[in-house]
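> this one's structure only:
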């Protein structure tokens, strides 16, 4: 009993630190002069370069990246590292393509959320409300995957039950997000990213030691699993999978709402440039490192995948088998931190979609300005309620969490890629095009997933994005053009800049 409790001590200490950060942020916020909405949802646009980099990294480094991804790498081999490489370019593109433009527009429009920008660009409350609904819908799927992955990892390493882990870290992440808001999320994301890197280094070292060293593990793989050394893994890694993963976790992530909001929150251009380079390095180190560790776990876990349940259990089992209990309790913080940081970031964006983008906007349309007190209570309550709903969904855990995560990623990308890309960079983009693209593309994507439609064997994200593009172009050329005065805000003449 004491040994099991000892495993929990570092994790409990880390969670206590995150709660302390959230309380400190709340005290500072209440003593400051900025408005609650700006403070709670975007940290009053005061996030510096290093913290911006770490919170953006944390958005990408979900528990599926630290559990499901390495588990698949253990199964199919070195080709899976490609899935990590594509994210290295993705984070650079997120901050480099959308980051500065979104920041400039959000300041010009006094926008706090991605939905604020969409409403201002297309002039449609219906589209804004649809955007908020899509965000909350798919965020529920992503957060459920994070809760499940974190609780499974907790169960495998500590020996405590799945439900105990779910209650423990679920309660902590919901509480500190509700209390501290975006700034607390950004600061704790930084702590989480640091712990992720420490955890990866520790796990890699002990996996190599348990397997007899790098070359010994490689000889084992070459003898028992030669297909893992081939780029296509004897058909388990077809070219179509490479292409669709480049879309899902690479280029299309530039339009994810949880990524775009980072562009609204940073302090200055210098900080943005710092974040681009720091974030690119860190995401490369973490994702390539953890997938590489997943492959090397063959030195520790030599049986078939059925011996360990599913690929989701590979990294938890590697930690439990390769590391001393005292250090395993530290290493587990890394992937759990990935889960915690992802959930907190999604919670704050989902809460803003409900409170800022729907409730507050509807009240102000009627000439009623909600009091700061009511906004504070409602924002915290919505964060808690969304977290509670996700907890209930995760109570009966599904398998293959990385597939759930990819489904949610694909839905958000289908809904927002063309709306954001064309809305920010194409004058002809209009409300009809955006509405058809978001609604039609999302329906096609979900239907393709439900009916398992894979055109040319490709992931349904290809069908979703293609149909979303076609719908947007149809609406752009058939619908009413955007008013000139609205376009001038987004595409000012040189004299007006």
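Yep, that arrived. Bear in mind the structure is a predicted one, so any value in this text is a computation, not a measurement.
> Quick one: residues contacting the residue lying closest to residue 216 once chain neighbours are set aside.
Spatial nearest neighbour of residue 216, chain neighbours left out: residue 299 (6.8 Å); criterion: C-beta to C-beta, 6 or more residues apart in numbering. The C-beta positions use only the backbone N, C-alpha and C, and glycine is treated the same way. Contacts of residue 299 were listed using C-beta atoms under 8 Å, 6 or more residues apart in numbering, and they are 207, 208, 210, 211, 212, 216, 217, 220.
> so which of those is the most crowded?
residue 207 (27 neighbours; other C-beta atoms under 10 Å).
> hang on, isn't that residue packed against residue 322?
Yes - here residue 207 reaches residue 322: they are 5.0 Å apart, a contact under C-beta atoms under 8 Å.
> what touches both of those two?
By C-beta under 8 Å, 6+ apart, the residues touching both residue 207 and residue 322 are 297, 300.
> where does the stretch 351-497 of the chain dip in pLDDT?
397-402, 493-497 (pLDDT under 70).
> residues near residue 425, how many?
13.
> For residue 153, which non-adjacent residue is spatially closest?
residue 316 (4.8 Å).
> Tell me which helix or strand the one you found sits in.
If you go by DSSP states H and E, residue 316 is part of helix 314-322.
> Which residues outside the helix or strand following that helix are in contact with it?
Later in the chain than helix 314-322, the nearest helix or strand by DSSP H and E is helix 325-331. Applying C-beta under 8 Å, 6+ apart, the contact partners of helix 325-331 are 3, 6-11, 157-158, 198-199, 202-203, 206, 319-320, 323.
> which of those count as buried?
Using 16 or more other C-beta atoms under 10 Å as the burial test, the contacts of helix 325-331 include 7-8, 10-11, 157-158, 199, 202-203, 206, 319-320, 323 as buried.
> Quick check: the farthest pair among the residues you listed?
8 and 206 (19.7 Å; C-beta to C-beta).
> What number of residues are in the vicinity of residue 231?
Residue 231 has 11 nearby residues by other C-beta under 10 Å.
> Look up how far residue 239 lies from it.
9 Å (C-beta to C-beta, to the nearest Å).
> How far does stretch 438-445 sit from its chain's centre?
Its chain's C-alpha centre and that of stretch 438-445 lie 21 Å apart, by C-alpha atoms, centre = their mean, to the nearest Å.
> can you pull the buried residues of that stretch?
By 16+ other C-beta under 10 Å, the buried positions in stretch 438-445 come out as 438, 439, 440, 441, 442, 444, 445.
> okay, those in CSV with distance to residue 371 and secondary structure next?
Conversion of those to CSV gives the following (distance: C-beta to C-beta, whole Å; DSSP: H, G, I helix; E, B strand; the rest coil):
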residue, distance to residue 371, secondary structure
438, 33, helix
439, 34, helix
440, 39, helix
441, 39, helix
442, 35, helix
444, 42, helix
445, 40, helix
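> Lowest average confidence across helices and strands of this structure, where is it?
helix 63 (a mean of 54; mean pLDDT, DSSP states H and E).
> Mind checking the pLDDT average for stretch 247-263?
Stretch 247-263 comes out with an average pLDDT of 77.
> cool, and stretch 340-347?
Mean predicted confidence for stretch 340-347 is 75.
> And for that stretch, what's in contact with it?
18, 55, 58-59, 61-63, 139, 142-143, 146-147, 150, 169, 172-174, 176-178, 184-185, 188-189, 192-193, 258, 383, 386-387, 390.
> Quick one: residues contacting residue 413.
247, 248, 252, 253, 255, 256, 461, 464, 465.
> Residue 492 - that's part of a strand, no?
No - secondary structure of residue 492 (DSSP: H, G, I helix; E, B strand; the rest coil): coil, not part of a strand.
> and it, how many residues sit next to it?
11.
> And for residue 381?
Neighbour tally, residue 381, other C-beta under 10 Å: 14.
> Could you figure out how far the top helix by length along the chain is turned away from helix 314-322?
In the chain, taking DSSP state H as the definition, the longest helix is helix 162-210. Per axes from the mean of the first three to the mean of the last three C-alpha atoms, to 10 degrees, the angle that helix 162-210 makes with helix 314-322 is 60 degrees.
> Touching whichever helix or strand comes after helix 162-210 from outside, list them.
Sequence-wise, the next helix or strand downstream of helix 162-210 (DSSP H and E) is helix 214-224. For helix 214-224, contacts defined as C-beta under 8 Å, 6+ apart pick out 77, 208, 211, 228, 229, 295, 296, 298, 299, 302.
> go with 6 Å
Helix 214-224 is contacted by residues 208, 211, 228, 296, 298, 299 when judged by C-beta atoms under 6 Å, 6 or more residues apart in numbering.
> between these, which is nearest residue 484?
residue 228 (58.6 Å).
> so what's that closest one closest to, chain neighbours aside?
Nearest one to residue 228, counting by C-beta to C-beta, 6+ apart, is residue 77 at 2.8 Å.
> I figured the one you found hits residue 233, correct?
Yes - contact status for residue 77 versus residue 233: in contact at 5.1 Å, counting by C-beta atoms under 6 Å.
> what about residue 464, how many residues close to it?
28.
> Can you tell me the closest non-neighbouring residue to it?
residue 445 (3.0 Å).
> got a list of what the one you found touches?
If you count contacts by C-beta under 6 Å, 6+ apart, then residue 445 has 411, 414, 460, 464 around it.
> I'd like the buried residues of stretch 438-445 as TSV, with distance to residue 126 appended.
As requested, the buried residues of stretch 438-445 are arranged in TSV below (distance: C-beta to C-beta, whole Å):
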residue	distance to residue 126
438	10
439	10
440	14
441	16
442	15
444	20
445	20
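> The residue nearest to residue 317 when sequence neighbours are not counted: neighbour count?
Excluding its sequence neighbours, the residue lying closest to residue 317 (C-beta to C-beta, 6+ apart) is residue 308, at 5.0 Å. Residue 308 has 20 neighbours, counted by other C-beta under 10 Å.
> how about the helices in the stretch 51-200 of the chain?
Along the stretch 51-200 of the chain, counting by DSSP state H, counting those that start in this stretch, helices occupy 63, 69-76, 81-93, 100-109, 114-122, 125-158, 162-210.
> Let me have the ones you listed in CSV, extended by distance to residue 262.
Formatted as CSV, the helices of the stretch 51-200 of the chain follow (distance: least, C-beta to C-beta, whole Å):
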stretch, distance to residue 262
helix 63, 20
helix 69-76, 22
helix 81-93, 10
helix 100-109, 9
helix 114-122, 11
helix 125-158, 15
helix 162-210, 9
